[in-house]
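Peer 1: coords please:
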Amino acid sequence: MSYCAECGSFTPVEQKAERSNNEMSFPAVLVSFRGRINRSTFWLKGVGSLAGLSVASIILLVITPDDAAGGLALFLFPVVLFMLYVWLAVIIKRLHDFDQPALWGLFFVPLIGPLVAFGVFIAAAFAEGTQGWNRYGDQP
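Peer 2: Below is the predicted model:
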């Protein structure tokens, strides 16, 4: 038995280890549509990885000679599709933290709802999610 400062009670060591193991792995954050992520995971793993991919793509565009631009475009097209997939996976898991369905994530597809997408992004980036368990899993 050990004292848990988070919940203010004595808990078995095994349960305490499960709580700290609730964090989703980096690949699961990027490719899975299941579960929930908190704000820090959203910023560090989700937005951070997309920013890194974006910077790498821009650097490739800048350093590529003009005669090789067509080949680079063929290379970057799947990268952009992967980035869209990652963004949807991250934002859907963040929406799950608000106990909202994945359908709201469709507003992030261009031309469907840019103003709604901006509002959902602000909420996902800065608002706290549902406390405790919801239908998408335990609190991250």
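
Peer 1: all contacts plus neighbour counts: C-alpha atoms, from now on.
Peer 2: Will do.

Peer 1: where does this structure dip in pLDDT?
Peer 2: Confidence mapping of the chain against pLDDT under 70 gives the ranges 1-22, 69, 107-116.

Peer 1: What segments of it are helices?
Peer 2: Counting by DSSP state H, the chain has helices at residues 13-20, 26-31, 39-41, 48-63, 69-97, 114-126.

Peer 1: Most tightly packed of those helices?
Peer 2: helix 69-97 (a mean of 19; mean count of other CA atoms under 10 Å).

Peer 1: picking that back up, now the helices of the chain as CSV including distance to Trp104?
Peer 2: Formatted as CSV, these follow (distance: least, CA to CA, whole Å):
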stretch, distance to Trp104
helix 13-20, 29
helix 26-31, 18
helix 39-41, 17
helix 48-63, 20
helix 69-97, 8
helix 114-126, 8
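
Peer 1: For Leu103, which of those helices is the nearest?
Peer 2: Closest approach to Leu103 among the helices of the chain is made by helix 69-97 (8.3 Å; CA to CA).
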